[in-house]
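Engineer: The following block contains a protein sequence and its predicted model.
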Amino acid sequence: MEAISSKRLITSLLIILASSFTTHSANERPYQEVSTVFIRTSCSSTTYPRLCYSSLVKHSDLIQTNRVLLTGTALNVTLASAKSTSTMMSRLAKSRGLKPREVAATKDCVEQLGDSVDELRRSIDEMNHLRASNFEITMSDVQTWVSAALTDASTCTDGFQETATDGTDIKTTVRGQVVQVAQLTSNALALINQLANSHG
């Protein structure tokens, strides 16, 4: 009798555990779907929605459905891209075989990207201090700095417009890297504008 009772107890416990696990998994998936839908919807109003979504969806657990976290994550993703591109450009400026004009253009681009990195860092720092009491002034500052970062990233390739690319594909290399930084920055600015407009 005790053996049957123990078996029933164990069976009941297993059923309860299995159902709670199933319930937890079922609840977790819709929550993740809500987060990814939020990111996709937010990105749909940016200039480069596919890049926006692909760069942010991997952070959906952090972002959830929070506009401030979405914006902060977009800024951090953009900063990481700008820093890695700046590092690549610094190495490129030191490489052999570049023509003097290409070296000068590369150094100018490194300087522009350095400014962009600084402006993005200031924006992220300011976003970390965002409160209801300072919302409007903080968002105005962030919009200004990210707009400046976008200008710097967009004008980085200007010096390469007239450089010959005989034997090198420096113009293509630079353009591909910097265009992505500019597009990420543009998307971050669009998300910042969404956040600014959602207040009030």
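Structural biologist: Noted; the coordinates are in hand.
Engineer: quick one: the helices in this protein?
Structural biologist: 2-43, 49-56, 60-63, 67-94, 100-128, 135-155, 170-198 (DSSP state H).
Engineer: Just put those in TSV and tack on mean neighbour count.
Structural biologist: Glycine gets a C-beta too; all of them are placed from N, C-alpha and C. Listed next are those as TSV, based on neighbours: other C-beta atoms under 10 Å:
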stretch	mean neighbour count
helix 2-43	12
helix 49-56	18
helix 60-63	16
helix 67-94	20
helix 100-128	19
helix 135-155	19
helix 170-198	21
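Engineer: ok, the closest residue to Arg67 other than its chain neighbours - contacts?
Structural biologist: Once flanking residues are discounted, Arg67 sits nearest to Leu195: 4.9 Å by C-beta to C-beta, 6 or more residues apart in numbering. Residues near Leu195 by C-beta atoms under 8 Å, 6 or more residues apart in numbering: Arg67, Val68, Leu70, Thr71, Met139.
Engineer: what's the spacing between Leu195 and Arg175?
Structural biologist: In this view, Leu195 and Arg175 are 30 Å apart by C-beta to C-beta, to the nearest Å.
Engineer: likewise His199?
Structural biologist: Distance from His199 to Arg175, by C-beta to C-beta: 37 Å.
Engineer: With Thr41 instead?
Structural biologist: Taking C-beta to C-beta, one finds Thr41 at 31 Å from Arg175.
Engineer: any low-confidence regions in this protein?
Structural biologist: Applying pLDDT under 70 to the chain picks out residues 1-32, 157-171, 200.
Engineer: Which two among the contacts of Leu195 are spaced furthest apart?
Structural biologist: Largest separation among these by C-beta to C-beta: Leu70 and Met139, giving 14.0 Å.
Engineer: Surely His129 and Thr138 touch.
Structural biologist: Yes: using C-beta atoms under 8 Å, His129 is in contact with Thr138, at 6.8 Å.
Engineer: could you measure Leu79 against Thr47, distance?
Structural biologist: 19 Å.
Engineer: measure Arg91 to Ser81 for me?
Structural biologist: Taken as C-beta to C-beta, the span from Arg91 to Ser81 is 16 Å.
Engineer: what's the neighbour count on Ala132?
Structural biologist: 7 (other C-beta atoms under 10 Å).
Engineer: how much space is there between Phe38 and Gly114?
Structural biologist: Counting by C-beta to C-beta - Phe38 and Gly114 are separated by 34 Å.
Engineer: now Ala82
Structural biologist: Distance from Ala82 to Gly114, by C-beta to C-beta: 9 Å.
Engineer: again, but for Asn66
Structural biologist: Taking C-beta to C-beta, one finds Asn66 at 31 Å from Gly114.
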